[in-house]
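J.: need the 3D shape of this:
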Amino acid sequence: MKNVFALPLRGRFHAITIALFLLASGCAAGVRGPSPGAGGGEVRGGGESSGDPVAVGPAGSGGEGSTLDAGDGVMTGGLDPDAACATSSAEAELVPVNMLILFDRSSSMDDQNKWGNATAAMIAFFQNPGTAGLRVALRFFPDWLCSDSLCSADFCSQTTVALAPLTADPAPTDQQESALIGSIVTTATTPDGGTPLSAALGGGEIWAKAYRASHPDEKTVVVLVTDGEPSGCDQDIGHIAKLASDASAQSGVLTFAVGLAGSHQSDMDAIAKAGQTSKGFFIGNGNAQGELLAAMQAIQKSQVACQFVMPESSNGAAIDPGLVNVDYSPGGGGAPVTFGQVPAAGACTATKGGWFYDDPAKPATINLCPVTCASIQADTKAKIAILFGCATQPAK
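T.: Purely as a prediction, here's the structure:
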């Protein structure tokens, strides 16, 4: 059975659960006192309130005896939840991730068993227990509507498999897994036709922008998987990359590019850079199935890890963003540490860690800096606690 917490046995991508120690009144670390501006009422996360912390950190290669190297911005001697007036806890929610996969089925995919390797990797990805909770939609191209003769981005925006979450159960209980795998094994998706890249990516971005507009608090990403140069429609890679940059600038949609043998790595890099994902993935023929699976898992990991929904109080009162702290307890024991806050994502560097809000004035998410995120992912038994009510500790 798929289970997100069984993932260390079968995969490398691990969801993080946070314990939220919710404070009825604010205080400085170790000092009890009133909570100006903290707001009353129970704070709601992704689970029921309980009396004990429920945090389970992301699994990785660490565990007992592991140490933290989260960069600067970490302070030893974390805030004490009891001293911070903790009264209840709730399980936080990861920000939902919605992934549209644009999957090339052009005739060149029949060469060198690329189709067999690519589809086997996709099936393994959908079956992986670590995908539980990930929402996936699928669009094959070309087909009779999304083609290099019609070149219609509107037609290409219509998904082959509609968006729905993968669950913790295997198919057929997991209906979305069944739908995705079923679409891959049908004869309708055997390789045929050209590579209308501009129409396919344009359609994917249309879909993603529309979904993001109606679900602004969720992440929406487009994953392009192709083996060829564009044929038909607009073949200018600069114009094609601009589709990704426009989706990012207008709607915050991220675009990943995965190039199989036959594609130009420079084209994949151009699309990925425009889509705010740095560079493309390039898959050779040597171990195409394994490399594509690893690429898909890496994309998933980059989106689901270390970003959490900011809870809200049950009575509608606002949580004071200046009274929030993030504590880390090593899985191998030892003193907890507090991650300091940095002003914004741009303040995170390769050596400076900590955490930041998506919007300091009206935060919807709490985000760990990359170096901090990578460090806690290496600790299989880590516990992360978000403490409410104490003055926020800045990164130093």
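
J.: show me the shaky parts of the stretch 51-200 of the chain.
T.: Judged by pLDDT under 70, the stretch 51-200 of the chain has its weakly predicted residues at 51-94, 187.

J.: quick one: the helices in it?
T.: Counting by DSSP state H, counting those that start in this stretch, the segments of the stretch 51-200 of the chain that form helices are 114-127, 153-156, 175-185, 197-214.

J.: can you add distance to V371 and mean neighbour count and give those helices back as TSV?
T.: Every C-beta, even on glycine, is put in place using the N, C-alpha and C of the backbone. TSV is the format used below for the helices of the stretch 51-200 of the chain (distance: least, CB to CB, whole Å; neighbours: other CB atoms under 10 Å):
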stretch	distance to V371	mean neighbour count
helix 114-127	27	20
helix 153-156	38	20
helix 175-185	34	18
helix 197-214	28	23
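
J.: out of those helices, which is closest to S231?
T.: Each of the helices of the stretch 51-200 of the chain was checked against S231 via CB to CB, and the shortest separation belongs to helix 197-214, namely 7.9 Å.

J.: these two touch, right, Q265 and I271?
T.: No - using CB atoms under 8 Å, Q265 is not in contact with I271, being 10.9 Å away.

J.: which residues do these two both contact?
T.: Taking CB atoms under 8 Å, 6 or more residues apart in numbering as the contact criterion, the residues that touch both Q265 and I271 are G280.

J.: these two - which one has more neighbours?
T.: Summary of the neighbour comparison: Q265 and I271, criterion other CB atoms under 10 Å, with I271 having more neighbours (29 against 13).

J.: in a helix, that's where that one is, yeah?
T.: Yes - note on I271: a helix contains this position according to DSSP: H, G, I helix; E, B strand; the rest coil.

J.: what's near enough to touch it?
T.: Contacts for I271 (CB under 8 Å, 6+ apart) come out as 201, 224, 237, 240-241, 244, 255, 257, 280.

J.: and T338, bridged to which residues?
T.: In this entry, T338 is beta-bridged to M75, D327, by DSSP bridges.

J.: any idea how far D327 is from it?
T.: Taking CB to CB, to the nearest Å as the measure, T338 and D327 are separated by 5 Å.

J.: from what I can see N325 touches I384, true?
T.: No - applying CB under 8 Å as the test, N325 and I384 come out as separate, 11.2 Å apart.

J.: please say which of those two ends up with more neighbours.
T.: The residue with more neighbours, out of N325 and I384 and counting by other CB under 10 Å, is I384; that gives 28 against 24.

J.: let's verify that one: helix, strand, or coil?
T.: Applying three-state DSSP to I384 yields a three-state assignment of strand.

J.: my guess is it contacts Y328, does it?
T.: Yes - in this structure I384 lies within contact range of Y328 using CB under 8 Å: 5.8 Å.

J.: so what sits against both of the two?
T.: In the contact map built from CB under 8 Å, 6+ apart, the residues linked to both I384 and Y328 are I376.

J.: ok, and the closest non-adjacent residue to D358?
T.: Across the structure, with CB to CB, 6 or more residues apart in numbering as the measure, the residue nearest D358 apart from its sequence neighbours is T365 (4.6 Å).
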